[in-house]
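K.L.:
Okay, sequence plus prediction incoming.
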Amino acid sequence: MKWLEIAPDVFVRRYAELDLSVGLVVGAESALVIDTRGDHQQGSELADAVRQVTALPWQVAITHGHFDHCFGTDAFLPAPVWAQERCPAYLAATADEQRGQWVAHYQREGHPEIAAALADSVPTTPDRLVPERADLDLGGRTVQLRHLGLGHTDHDLVIAVPDAGVVFAGDLVEQGAPPDFGDSHPEHWPSTVDALLALDPITVVPGHGGPVDHAFVRTQHAELTQLAVACREYRTGRASWDQAVRRSPFPADTTRDALRRVR
Ligand SMILES: [Zn+2]
C-alpha cells in the first residue's frame, strides 16, 4: 500500500478492500485528509500513513456518510471534521443499520477481523458543516469543499484542488465497477456530475477505483444520463420496470437499485 502523488502534494491511497481510494492534500500550514476508511483499525492505519507524509496538523473532509468512507474518523481526533450539512442526520439515521449489514457481510465473506473492528466502530459526527461551499486555506493553497447537488446520496461533498486540477469526487464517480445507487437520486445525478465537470478537473479521484480523466467522467455522465432517462420513463409510466432495466447501460442489479429510488 503506497501513496500515489497525482499532483504536487496531492496524494491518493488505494485499498484492495472495496477498492476504496482516499486522499491527502498538503499545504504549507496544514493538511486535509479526504475520507477515513471503514473502521477504527483502518482509520488508525490511514492516520499512521498520513504521518509518514506530513507532520502538519490535519483536518478531515468526509465525502459522504457511507461507512467505508467515514467510520475511521475517530483515529484523527481531535481535528475539524468537514461534511455536507445533511451528513450528520444521515449518519444518525443509518449508522447502526450500515454497521449491522456490513458486519454480517464480512462474517459471511470470511473476514471476522474486519467484522470485529467494524462492530466496535462509531462514526464521528462531523462538526464543520457545508451547505454548498467552503474554502479551506491550507497555507499557500486553497481547497474548495463543494456540494454540487443530489447524486450518489443527498449529501455528497466533492473536494477540489484548483491549483492542481484535481477533484476528489467521492462516490459520484466510480471506476472499475458500476456506481452504487442504494441511497441515490438517479434523476438528479447527471446534473451534479455536470457541475463537477464544470470545475474543469484534469484528474478526478473516484471513491472507488483509480484516478480518472475528464473523458472518463464525461462517459460516465452519459451513462448516468441514459439511466436517468430510463428512471424518468418508468416514473411517468412510459416504460415498464423490465423495459427500464433493458434501456439502462448498467447491469440489471445496479439498475434495479436505481429504479427502487424512483419517486
Ligand atoms: Zn458511497
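P.N.:
Cool, got the structure.
K.L.:
make it CA atoms for all contacts and neighbour counts henceforth
P.N.:
OK.
K.L.:
isn't R256 right next to R246, touching?
P.N.:
No. The criterion here is C-alpha atoms under 8 Å, and R256 misses it with R246 at 10.5 Å.
K.L.:
And those two? Which one has more around it.
P.N.:
For R256 and R246, the more surrounded residue by other C-alpha atoms under 10 Å is R256, and the numbers stand at 19 against 14.
K.L.:
What's the local residue count around the nearest residue to that one once chain neighbours are set aside?
P.N.:
Nearest non-adjacent residue to R256, counting by C-alpha to C-alpha, 6 or more residues apart in numbering: V245, 6.9 Å away. For V245, the count of nearby residues is 23 (other C-alpha under 10 Å).
K.L.:
Okay, and V245 sits in which element?
P.N.:
helix 241-247 (DSSP states H and E).
K.L.:
What are the boundaries of the strands in the protein?
P.N.:
Secondary structure of the chain (DSSP state E): strands located at 3-7, 10-14, 21-26, 31-34, 58-61, 81-84, 128-130, 133-137, 142-146, 158-161, 166-174, 203-208, 212-213.
K.L.:
tally of neighbours for F181?
P.N.:
So F181, with other C-alpha under 10 Å, has 22 neighbours.
K.L.:
hang on, I meant Q98
P.N.:
17.
K.L.:
what does A49 give?
P.N.:
15.
K.L.:
Also Q226?
P.N.:
Other residues close to Q226 by other C-alpha under 10 Å number 18.
K.L.:
if I look at it, how far off is A169?
P.N.:
20 Å (C-alpha to C-alpha, to the nearest Å).
K.L.:
just checking, V158 touches W82?
P.N.:
No. Contact status for V158 versus W82: not in contact, 11.1 Å apart, counting by C-alpha under 8 Å.
K.L.:
More neighbours: which of the two?
P.N.:
In this view V158 and W82 are compared by other C-alpha under 10 Å, and V158 has more residues nearby, 27 against 23.
K.L.:
residues contacting that one?
P.N.:
T63, L145, R146, H147, L148, V167, F168, A169, G170 (C-alpha atoms under 8 Å, 6 or more residues apart in numbering).
K.L.:
partners of the residue nearest in space to the middle of the chain in the sheet?
P.N.:
Geometric centre of the chain, nearest residue: G170, 2.4 Å, by C-alpha atoms, centre = their mean. Beta-bridge pairing of G170 under DSSP bridges involves P206.
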